[in-house]
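In: A predicted structure for the sequence below; I have some questions about it.
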Amino acid sequence: MRKKFELYARKFPQDHISAHLTRLRELDISRKDPCHFYRKRDFVQAFGVNILNVVPHSLEGGFYYPNVIAGEYTATAISPIRYLMNQIRPDTAAIVEFGSGWSANLFQLYVGLGATVSRKIDYHGAEYTDEGQQTATEMAAYDKNINYYAHSFDYRKPDVSFLNGYGGHILAFTRHSIEQVDEISPLLYDQLGALKAAVTLVHLEPVGWQTFSSLVARRTADDVEFFEAIGARVAAGVVEPQAKTPDPKYKRMVQAENAAWWSWRMNYNTNLFSIISGNRRANKIKMIAQEVDFAAIGNVLNPTTLFHLEFIKEPSTRDGHALEHVSA
Ligand SMILES: C[S@@+](CC[C@H](N)C(=O)[O-])C[C@H]1O[C@@H](n2cnc3c(N)ncnc32)[C@H](O)[C@@H]1O
């Protein structure tokens, strides 16, 4: 990626960083408030609401919007970058991505928020590889205006001390990087919870299958037979296997099984959801939003789930929604 960026920077030296982002990966900020049309016009409101029933979601939620794909009404999720942009507060002092790669997400946020707002925000890319840190540092230097800092970071031995000095609010997020680590250290949550600043943490990770206790049990037992049978089904191209007994949840379960199989095959993460559940039970965090398997860019077998959390400063309030395993 670094070589590609250097090539593009030489070839298109006058281009804004957004053009380089587009060439290197994507600039996916998506429309602001795509449900606005249905909310403001009474005569189409019920129509929009009924389309969103497939999710199910409301027009106010703003995460999904009514859409048409290949001739059929359906719901589509907004871009994760837009979702993250919406979490910026007037007192946001820093944005950090853990497992940031070359910080494609942070640079997209910077482009979306703009250089003026970003004057009072520090961007931190906390990344495992030197290559990722170096490429991001070069891109930041190319831009000249962004307050960007690269850090060496490992989910197995987390150290967020670079965030110690901040007051106000910190937006922290992860995107398909916890997936890479079979077991992350729970210390990440302890460290974020101990920061002086208010912390919002958004995970965008392919761990939706972890909300099914039966699949967690199969993974814990390393049930090779079970996972190989799913692998054979996928390899045969079977998208919707026939249910032995009619059950409306069957299609949903098959999709989750396929994702669990992919995670098992790749030796991907197993413990994010249990860390979240433990912290909730201990009243250390509050769940603001949860969107299981909302989209899959690139690989439908590795779909993204969103967990949006706030750290509780005084462990006194408990949020009312149960976050228990979905029994399958
Ligand atoms: C699929 S990439 C995603 C990168 C970035 N989050 C994005 O969305 O473009 C996975 C990232 O996880 C990082 N990663 C792998 N092992 C890690 C670890 N132990 N600690 C932190 N990051 C890790 C990789 O270096 C890589 O940047």
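Out: Cool, the structure landed.

In: Give me the most central residue, the chain.
Out: Centroid check for the chain by Cα atoms, centre = their mean gives L204 as the closest residue, at 1.3 Å.

In: quick one: the closest residue to it other than its chain neighbours and V239, what's the gap?
Out: Among residues not flanking L204 along the chain, R175 sits closest, at 4.3 Å (Cβ to Cβ, 6 or more residues apart in numbering). Using the backbone N, CA and C atoms, a C-beta is placed for each residue, glycine as well. Counting by Cβ to Cβ, to the nearest Å, the separation of R175 from V239 is 26 Å.

In: How many neighbouring residues does the closest residue to the ligand within the stretch 151-300 of the chain have?
Out: Taking Cβ to the nearest ligand atom, the ligand has its nearest neighbour within the stretch 151-300 of the chain at S177, 3.3 Å off. Residues near S177, counting by other Cβ atoms under 10 Å, number 25.

In: Do I have it right that it meets G101?
Out: Yes: S177 lies in contact with G101 (Cβ atoms under 8 Å); the separation is 7.4 Å.

In: All the strands of the stretch 201-328 of the chain, residue numbers only.
Out: Using DSSP state E, counting those that start in this stretch, the strands of the stretch 201-328 of the chain run over 285-295, 304-311.

In: So what touches the longest helix along the chain?
Out: The single longest helix within the chain, with elements called by DSSP state H, is helix 250-266. Helix 250-266 has contacts (Cβ atoms under 8 Å, 6 or more residues apart in numbering) with 179, 206-209, 212, 215, 218-219, 222, 227, 230-231, 234, 240-241, 243, 247, 268-270, 293, 299, 301-303, 328.

In: pLDDT on that helix, on average?
Out: Helix 250-266 shows a mean pLDDT of 95.

In: so how far is it off the chain centroid?
Out: 18 Å (Cα atoms, centre = their mean, to the nearest Å).

In: List the buried residues for that helix?
Out: M253, V254, Q255, A256, E257, N258, A259, A260, W261, W262, S263, W264 (16 or more other Cβ atoms under 10 Å).
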